[in-house]
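Enquirer: Dropping a prediction and its sequence here:
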Amino acid sequence: MLKELKKRFGSHIYATNEATTLEESIVALLKEKNLTLTTAESCTGGMLSARLTNVPGVSEVFKQGFVAYNDSIKRKLLDVKKNTLKTYGAVSEKTAKEMAKNGAFITGSDICVSITGLAGLSISHVHIRMNFASGNFISKETVRRSVSFLRSMP
């Protein structure tokens, strides 16, 4: 059965052991690919960073977690442009892009995941962006899709 699941879902499977968490898989994959990660969170208030930092050995790949709930903090810590916040709002693809791009630049990380949205509302009101130092990015993708992309990197 496992062979058939692997055949059908391939790189979308993040673990075959029930005891392995998603965050453990992500940390292992970052180590395997020799990549570093930063997070820039708004509506999640640091929950992503908290889950990642519960994994032993994460300090080898995790550089920093920004929690920028307030717009002035997004501007001060992540250099999100005032005009972006005024024109598009804090919950926008443009803001998520600047958070991810600048978070990676500020920390020198290979990857920065940004999350901005309206707490308590549906996923349609959340913007997630992964920015890679290579210039590639993933926008509005699921975590499984992002992990698949990481696996495909050389």
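Expert: Right, received. Where do you want to start? Numbers count the residues shown, from 1 in each chain.

Enquirer: ok, and what's touching whichever helix in the chain runs longest?
Expert: Across the chain, the longest stretch assigned as helix under DSSP state H is helix 93-107. The contact list for helix 93-107 (Cβ atoms under 8 Å, 6 or more residues apart in numbering) reads 36, 38-40, 42, 63-64, 66, 68, 74, 78-81, 84-85, 87-89, 109-116, 127-133, 137, 139-140. Yep, even glycine has a C-beta here, placed from its N, CA and C like the rest.

Enquirer: go on, stretch 79-91?
Expert: 42-43, 68, 71, 74-75, 92, 94-95, 98-99, 102, 106, 116-118, 125-127.

Enquirer: For ChimeraX, what selects the buried ones among the residues you listed?
Expert: A single ChimeraX command selects the buried members of the contacts of stretch 79-91 (16 or more other Cβ atoms under 10 Å):
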select :42,43,68,71,74,75,92,94,95,98,99,102,106,116,117,126,127
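
Enquirer: Now do the strands in the protein.
Expert: 37-41, 62-67, 111-117, 126-132, 137-139 (DSSP state E).

Enquirer: of all these, which lies closest to residue 9?
Expert: Taking Cβ to Cβ, strand 137-139 is the member of the strands of the chain nearest to residue 9, at 18.7 Å.

Enquirer: per-residue confidence averaged over that closest one?
Expert: Averaged across strand 137-139, the pLDDT comes to 64.

Enquirer: Pick out the residue nearest the middle of this protein.
Expert: Residue closest to the average C-alpha location in the chain (Cα atoms, centre = their mean): residue 113, at 2.5 Å.

Enquirer: could you flag which of the contacts of helix 93-107 are buried?
Expert: 36, 38-40, 42, 63-64, 66, 68, 74, 78, 80, 84-85, 88, 109-116, 127-132, 137.

Enquirer: Distance of residue 45 relative to residue 106?
Expert: Counting by Cβ to Cβ, to the nearest Å, the separation of residue 45 from residue 106 is 20 Å.

Enquirer: what angle separates the longest helix of the chain from strand 37-41?
Expert: 140 degrees (axes from the mean of the first three to the mean of the last three Cα atoms, to 10 degrees).

Enquirer: any idea of the angle helix 93-107 forms with strand 111-117?
Expert: 140 degrees.

Enquirer: For the remainder of this discussion, apply numbering that starts at 579.
Expert: Okay, using 579 as the starting number, the last item reads as helix 671-685.
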